[in-house]
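> Let me see the structure of the following:
(chains A and B)
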There are 2 protein chains.
Amino acid sequence: MSARSSVAVAGVGTSRFGRQPERDLLGLAWEAVHEAFVDADVDGVDAVWVGTVFAPAGVAQRVLRAMGITGVPVVTVENACASGTTAFAEAHEAVRTGRYGRVLALGVEQMSTAFAGAITPEATDPEGRAGLALPALYAMSAARYLHVGAATSEQLAAVSVKNHAHAVHNPRAQYSGRYSVEEVLASRMIADPLTVLQCCPTSDGAAAAILTPASGSAGEVVVRGVALRSGTPWNQDSPHVWGYDIVRDTAELAVTEAGLDAVTDVDVVEVHDAFTIGEIVTTEALGLVPPGDGGRAAATGTTALGGSHPVNPSGGLLSRGHPLGATGLAQIAEITWQLRRGCGSRQVEGARLGLVETMGGGVSVLDGNACVVTVLESR
Amino acid sequence: MSARSSVAVAGVGTSRFGRQPERDLLGLAWEAVHEAFVDADVDGVDAVWVGTVFAPAGVAQRVLRAMGITGVPVVTVENACASGTTAFAEAHEAVRTGRYGRVLALGVEQMSTAFAGAITPEATDPEGRAGLALPALYAMSAARYLHVGAATSEQLAAVSVKNHAHAVHNPRAQYSGRYSVEEVLASRMIADPLTVLQCCPTSDGAAAAILTPASGSAGEVVVRGVALRSGTPWNQDSPHVWGYDIVRDTAELAVTEAGLDAVTDVDVVEVHDAFTIGEIVTTEALGLVPPGDGGRAAATGTTALGGSHPVNPSGGLLSRGHPLGATGLAQIAEITWQLRRGCGSRQVEGARLGLVETMGGGVSVLDGNACVVTVLESR
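Residues are numbered from 1 along each chain as shown, chains lettered A, B, ... in the order given. Alright, predicted model coming up:
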C-alpha cells in the first residue's frame, strides 16, 4: 500500500448531465454537493476547491453560500478540461499534507448558456482563431491515424458505439443508444473524419467529491496516486499526435506513485474521450493497449464492459456529456462507484483498482496543456 | 523563528500599473515575470500558480508559453480581489510541503478592456444588481463610520492624501500627487461619502513572486505566516462593518503562525485600500490601531511614512492602482523591497517585519468573501 493511500474519497455526487439552459449553476452544484454530503455522511467541510472554466468570477462563493457553506477557505481553479480533476488534485494534496481535514472538490459548468456550438476561441488564441478550434484539432489527430493506418474509420466509430451503449446503463448520462458503426459514420460531419456522434455534446452539470483522511475501513475508496502536469507545445515533427506525450508522462507519474507494476493492472478506467480519437490515443498513451492498438481494442470489445480493459463504463464524455469543470469529478465519481461495486448493469466485475485521466488544452489547444491522472483503490 | 520560515521570497517583479488598454495580458505578465526571474537569478520554475479574475480561460498557459515556460504544472486560481495573494498562498504551501521546489506566483489583470467603470455585477449577483456594487458597499461602511462618530470626512480624505503622497516616490504607481484634504473632498462624488480620489482607479498590470526553500542567507526575505480564509455573509446586526471580521480572523491566524506577540510588532504594512474607508477599517481589524482610531491614525501621520505604523508606502490600491489579480502580488513585491531596504525615498527605515493583507468580496460583495494575510521577515 502506497503512502498515498492516506486519503480517502469519502463521498461523491453528480447532477444529471445534459443540456439544461433553464437551470443555473447553483442548482446544478447543489445537486452534486448534496449527494456527496449524504454519501459521505457529513454536514460540513474545512475547505473547498472549485473547478470551472466559464462560470463567472465569484460563482463558487455564491453557489456555496446558497448551500449554507460559508466561512471556510474557497479556491476556484481553472485548468481547461482538467479543471475538475485539478480541483480534486488540490483537495487531495490539502488532505494528504494535513493542511485541512475534510475537503470538498466541486466542478460545475453550464456550457449551453455560454456557447452555441464548439468553444469560441479567445482573441488571444491565434491557433483557435486560425481554425484550430478543438473539433478541428482532434480531427487532425484522427486524420493522421487514418493516414498512417493506426486506425480505421470503423474503429473510430466503434468508440462511439461502445460508449453510447455503456451509457444505456447510466441514468445520469446526456445521451445513450445502441448505434451501429454505420449509423455513427453516417451522422452529420463536424470536422472530417469526426461525425457528430464522435464529438462530445454541449452539456451542463456538476460533480463533487469529499476527501478525508483514510479510516482504514474495509471497502473504503482511497487515493493511491495523483499527478498533475502541463505539456509542452505540440510539435508537428513529433512521432505522436497532440496530447499523447502529456498523457503518457502524467500517467507514468501517477502509476509510479501508486506503486503499480503496470497500468494494465487497473480494472476500470475513465478517460477523456471528448472525441472518439481522444479515447484511442489515450488508451495507447496510458499503456493500457499497445501503440496503434487503441482503435482495434474498441472495435473488438477489449475496452468494452466485459472486456479485459473496460474504458468509460459511464459512457464517457461522448455520452455522459462534457460540462468542462464538472467532467473530471464525474469521472472520479464513476470510478468511486465502480470500486464500491455499486454500478448495477454497468458494473465492472470485481473492480478494485481504477484510473481517471483528464486532459485539457487550455482554450488555445496547442498551448502547454493540462493533464491529471488519478489512481483509486478500494480496500 | 517560526517553522514557516522555511520558504523564501527569492524574487519579485511587477509591470507598471495603469490604464493600458493598448497593451495585452501577455506583455504585462512578461514584464513582471522577467523581473522576478532576474531578481531571483533563476531561469526556470517547477510549477506556476496564476491569479486572475477576468482574464479569459487558458490565458495563463498562453502567457507562460509566450515567455517560454511550458511543461510544468500550471494552476489558475480565482478568489476575487485576493486572487494574487491566493496564488501566493498556494505557491507557498507547495514549497513548504516539498511538493515543488521553485514556484512562480503570477497575478495579471487588464481591467480597462473589461469594464468602463466599476465592476458590472453578474446576473447571479442579486446584491450587486440591486445597487450594492463595490463602491456602494464601501460607501455604506463609510457612512456608518461617519454616523457613529468613528471617523470624519476629513479623516477619510486623509487616507487618500497620504497614499497619493506615498506614491510620489513609486514610479510604477498609476496615480500620485500632493493633494489637500479639501481637494480630495471636492473631487467628483462616486458613492456618497466617497469621492473619486477615495476610490481605486481602473488599472491594468501584473505582478510576480518566485518562492523557494529558504537558504538561510543573511538578508533573505522569508515567509513567517500565511492565512487564507473566506468569510460568512455579513449581517447588518453586526457591531462591525462589512469586511472587519474576516480581516481580523485571518490576521489572527497569520500572526499566530508567524509567532508574533502582536501585529504592532510589524514594521511595514500593505493593506487593501480599494476605497479610503477600506484602509481605516483594515488597520483597526488588523489590530494595528485601536478600534475607531483608523481615521485619526491616517490624519495624524501614525500610518504615514515616518509614522509609527506606516501603511501602504507604495501608494496602495488607491494610487498604485488595482488590477485585481495582480494586486496581492504587487503588495508582496512592495513588502519584499521594503524588507530588503531597497525602496529609496519611500523606504520604511529599519523595516524587518512586514505584513500584506488582501480582501476580496467575490463579485457578490456580501457573499462569503476571501482574505489572505501574509507575514514576511528579512533575516
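
> count of neighbours near the residue in the stretch 51-200 of chain A that chain B sits nearest to?
Distances between the stretch 51-200 of chain A and chain B by CB to the nearest CB are smallest at A:G58, namely 3.4 Å. Any C-beta I mention is one placed from the backbone N, CA and C, and that applies to glycine too. If you count neighbours by other CB atoms under 10 Å in any protein chain shown, A:G58 ends up with 28.

> thought it was touching B:I119?
No. Look at A:G58 against B:I119 with CB atoms under 8 Å: they stay out of range, at 9.7 Å.

> so where do the strands sit in chain A?
A:7-14, A:47-51, A:74-78, A:103-110, A:189-191, A:194-195, A:204-213, A:221-230, A:268-270, A:353-360, A:370-378 (DSSP state E).

> just so I know, which of these lies nearest A:A157?
Set against A:A157 and scored by CB to CB, those come closest in strand A:194-195, at 7.7 Å.

> tell me what that closest one is packed against?
For strand A:194-195, the elements it packs on are helix A:134-148, helix A:181-186, judged by 3 or more CB pairs under 8 Å, 6 or more residues apart in numbering or on different chains; DSSP states H and E.

> Let me know the pLDDT of A:P239.
Looking at A:P239, its pLDDT stands at 88.

> do A:G362 as well
At A:G362, pLDDT is 52.

> Then A:T70?
Reported pLDDT for A:T70: 85.

> Please tell me how far it sits from B:G231.
Note on A:T70: its distance to B:G231, by CB to CB, to the nearest Å, is 7 Å.

> got it, and A:C81?
Distance from A:C81 to B:G231, by CB to CB: 31 Å.

> try A:A40
Distance check for A:A40 against B:G231: by CB to CB, it reads 25 Å.

> So between the two, which is more surrounded?
Neighbour count, other CB under 10 Å: between A:A40 and B:G231, B:G231 has more, with 26 against 22.

> Quick check: residues of the stretch 1-150 of chain A near chain B?
Proximity of the stretch 1-150 of chain A to chain B is confined to A:24-26, A:53-54, A:56-62, A:64-65, A:69-80, A:86, A:90, A:93, A:97, A:99, A:122, A:124-125 under the rule CB under 8 Å from any CB of the partner chain.

> of the strands of chain A, which approaches A:S308 most closely?
The closest approach between A:S308 and any of the strands of chain A, judged by CB to CB, belongs to strand A:268-270 at 11.3 Å.

> on that earlier part again, deepest in the core, which of the helices and strands packed on strand A:194-195 is it.
Among the helices and strands packed on strand A:194-195, helix A:134-148 has the highest mean neighbour count (mean count of other CB atoms under 10 Å in any protein chain shown), at a mean of 20.

> Report the contact partners of A:C81.
Going by CB atoms under 8 Å, 6 or more residues apart in numbering or on different chains, A:C81 touches A:53, A:272, A:274, A:322, A:324, A:327-328, A:358-361, A:370.

> May I see the strands of chain A arranged in CSV, with distance to B:L194 and mean neighbour count as well?
Listed next are those as CSV, based on distance: least, CB to CB, whole Å; neighbours: other CB atoms under 10 Å in any protein chain shown:
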stretch, distance to B:L194, mean neighbour count
strand A:7-14, 44, 25
strand A:47-51, 32, 29
strand A:74-78, 28, 30
strand A:103-110, 35, 31
strand A:189-191, 53, 18
strand A:194-195, 55, 22
strand A:204-213, 38, 29
strand A:221-230, 42, 24
strand A:268-270, 52, 27
strand A:353-360, 42, 29
strand A:370-378, 41, 28
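
> Turn these into JSON lines, columns for distance to A:A298.
Formatted as JSON lines, these follow (distance: least, CB to CB, whole Å):
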{"stretch": "strand A:7-14", "distance to A:A298": "25"}
{"stretch": "strand A:47-51", "distance to A:A298": "28"}
{"stretch": "strand A:74-78", "distance to A:A298": "31"}
{"stretch": "strand A:103-110", "distance to A:A298": "26"}
{"stretch": "strand A:189-191", "distance to A:A298": "19"}
{"stretch": "strand A:194-195", "distance to A:A298": "15"}
{"stretch": "strand A:204-213", "distance to A:A298": "25"}
{"stretch": "strand A:221-230", "distance to A:A298": "25"}
{"stretch": "strand A:268-270", "distance to A:A298": "13"}
{"stretch": "strand A:353-360", "distance to A:A298": "16"}
{"stretch": "strand A:370-378", "distance to A:A298": "20"}
